[in-house]
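# Can you look at this prediction? I've put the sequence above it.
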Amino acid sequence: MSDKPGTTWGIEPHTEAKHEILRYYLGAWFPILASVHRRLLYVDGFAGPGEYSKGEDGSPIIALKVARDHVLGKKLQHPNRELVFFFIEEDQARFQNLERKINEIQWPRNFSIRPQNDTFEEAFSSVLAKIEEQNKQLAPSFVFIDPFGPTGFPLSLIRRLAQQPRSEVLITFNYQSLNQWFLQDPRKHRHLDELYGSDIWHQALQISDPGRKENHLMEAYQKVIEGLGWKGRSFRMVNKHNQIQYYLCFATSNWQGMLAMKRAMWKAAPTGDFRYSDLTNPQQPRLFDKELYDTEYSKDLANQIYQSHRGQNIPKQEILEQDIAWHPVCIDRHLTEALKVLEYEATPPKITKVERSGGKKRRRRTYPDDCIITSAP
Ligand SMILES: C[S@@+](CC[C@H](N)C(=O)[O-])C[C@H]1O[C@@H](n2cnc3c(N)ncnc32)[C@H](O)[C@@H]1O
């Protein structure tokens, strides 16, 4: 295997990009769920030492700080709310470093911080077992799975998580390691069976073209994850030589969660030597590039919206939930642009009326959340 890092190691730009996404996403996730639920659970299953070699924050500290420093901090730190942070780290030295980092700071009193020196599989499985035995439900949970390689998070465990309502997962899928160390070595194939929950990946052994093989394996994983009842989206992080660094696989059943993740991807889209691209469309190597693609995305979306809603009166909120949230890349601003295209650029116009509830006035070229859109037949 590759050189083993020590207790801490240098942070790489592609890791920083991932941390940015985590930061933005949690900035949305905590308040969305805390407005409805009293208790939230954040799990970092491969927590690491809590810092990088030059003192940069590791993912557990990032999550704690997002919740502590949030503009809605008062709500998140209300004594009636409990934010549970479960940090699991197998390596003892890294675990001790993580504990030290956590203890350096005094956290809000309603944070329940539970570091555990164990494997993700053991620790999280016993959390789920307790819940399952009592026929209870896990608090709404976000589980971050960020291992070095493709082992330690078997599908059998992910399936049990997916059975919990309002659970979601963000997985760093290390394709390179899977391809280099696991696929080639028959002694390690049982790990892939565990990862995929079956031998569905086997077909990849017959594929010689590297790109097709990668697509096959990643699509198979996404299919397996979606088979658990979530909807999934995978983002492929590559460097300037188009070499794959990792996939971020996100899965949720909540439309707001999916929308928040895409907003995070747009905000954190790295501009330097790294970029996210699409598993299904390698021809579009820079997925989240406002300059290059915003107009194109909005025009395509306009067409899509018109085709699915022609002749209907439809609340904007429904378009957001049905069309935008699950769209591969589009977010709110593409919807606004798409609606402008349909109302003002199309001849004849494809949106014939936009009305707000209660007869409220609407400014031209704006689409408030309470508006109802009438599309031409
Ligand atoms: C990529 S690092 C995590 C980095 C961290 N999430 C961050 O962003 O700062 C992976 C960590 O998982 C730990 N680890 C490896 N196997 C594990 C397992 N089965 N369960 C829990 N932790 C494990 C490693 O010791 C390592 O610290």
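That came through, no problem. Numbers count the residues shown, from 1 in each chain.
# Tell me who's in contact with Asp185.
If a contact means C-beta atoms under 8 Å, 6 or more residues apart in numbering, then Asp185 has no contacts. No exception for glycine: its C-beta is placed from N, CA and C like everyone else's.
# Would you quantify the distance from it to Glu194?
Remark: distance between Asp185 and Glu194 (C-beta to C-beta, to the nearest Å) = 15 Å.
# which bits of the stretch 51-200 of the chain sit near the ligand?
Proximity of the stretch 51-200 of the chain to the ligand, by C-beta under 6 Å from any ligand atom, involves residues 58-59, 88-91, 94, 119-120, 146-148, 152.
# which of those residues are buried?
Using 16 or more other C-beta atoms under 10 Å as the burial test, those include 58-59, 88-91, 94, 119-120, 146-147, 152 as buried.
# and those, which of them are in strands?
88-89 (DSSP state E).
# Closest one to Gly73 out of the buried ones among the residues of the stretch 51-200 of the chain next to the ligand, please.
Nearest to Gly73 among these is Ser59, at 20.1 Å by C-beta to C-beta.
# Name the next helix or strand downstream of the lowest-mean-pLDDT helix or strand in the chain, please.
Lowest on mean pLDDT, DSSP states H and E among the helices and strands of the chain sits strand 275-278, with a mean of 76. Downstream of strand 275-278, the next assigned helix or strand under DSSP states H and E is helix 290-309.
# and that following helix, what does it pack onto?
Applying 3 or more C-beta pairs under 8 Å, 6 or more residues apart in numbering; DSSP states H and E, we find helix 290-309 packed against helix 332-340, strand 371-375.
# Ok, which of the ones you listed comes nearest the ligand?
Among these, the nearest to the ligand by C-beta to the nearest ligand atom is helix 332-340 (28.2 Å).
# Any buried residues in whichever helix or strand comes after that closest one, and which?
Using DSSP H and E, the helix or strand that follows helix 332-340 in sequence is strand 351-356. By 16+ other C-beta under 10 Å, the buried positions in strand 351-356 come out as 351, 354, 356.
# So what touches strand 351-356?
Contacts to strand 351-356, defined as C-beta under 8 Å, 6+ apart, come from residues 339, 342-343, 362, 367-368, 370-376.
# Going through the residues you listed, which ones are buried?
Buried members of these, scored by 16+ other C-beta under 10 Å, are 339, 342-343, 367, 371-373, 375.
# Out of the residues you listed, which is nearest to Arg68?
Using C-beta to C-beta, the buried ones among the contacts of strand 351-356 come closest to Arg68 at Tyr367, 35.0 Å.
# residues touching that closest one, list them.
Going by C-beta under 8 Å, 6+ apart, Tyr367 touches 316, 335-336, 339, 354, 373.
# ok, the residue nearest the centre of the chain - contacts?
In the chain, the residue lying closest to the centroid (C-alpha atoms, centre = their mean) is Phe250, at 3.7 Å. By C-beta under 8 Å, 6+ apart, Phe250 lies in contact with 168-171, 232-235, 258, 261.
# So, low pLDDT: which residues of the protein?
Residue ranges of the chain with pLDDT under 70: 1-4, 271-273, 278-285.
# now do 90
Within the chain, the stretches with pLDDT under 90 are 1-5, 13-14, 72-75, 211, 233-245, 265-294, 328-329, 357-359.
# top helix in it by residue count?
helix 13-34 (DSSP state H).
# mind giving me the domain split of this protein?
Following automatic domain parsing, one gets these domains for the chain: 13-278, 290-375.
# secondary structure element for the residue nearest to the centre of the chain?
Phe250 belongs to strand 244-252, assigned by DSSP H and E.
# Next secondary structure element downstream of that strand?
Once the chain leaves strand 244-252, the next helix or strand it forms, by DSSP H and E, is helix 255-268.
# What lies in contact with that following helix?
17, 20-21, 23-25, 28-29, 32, 168, 170, 231, 233, 235, 250, 252, 276, 287-288, 290, 320-321, 324-327, 329-332.
# how about a cut-off of 7 Å?
17, 20-21, 24-25, 28-29, 32, 168, 231, 233, 235, 250, 252, 276, 288, 321, 324-326, 329, 331 (C-beta atoms under 7 Å, 6 or more residues apart in numbering).
# circling back: kindly reformat the buried ones among the residues of the stretch 51-200 of the chain next to the ligand as JSON lines containing distance to Gln203.
Below are those laid out as JSON lines (distance: C-beta to C-beta, whole Å):
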{"residue": "Gly58", "distance to Gln203": "37"}
{"residue": "Ser59", "distance to Gln203": "34"}
{"residue": "Ile88", "distance to Gln203": "33"}
{"residue": "Glu89", "distance to Gln203": "35"}
{"residue": "Glu90", "distance to Gln203": "32"}
{"residue": "Asp91", "distance to Gln203": "35"}
{"residue": "Arg94", "distance to Gln203": "37"}
{"residue": "Thr119", "distance to Gln203": "29"}
{"residue": "Phe120", "distance to Gln203": "28"}
{"residue": "Asp146", "distance to Gln203": "28"}
{"residue": "Pro147", "distance to Gln203": "24"}
{"residue": "Gly152", "distance to Gln203": "24"}
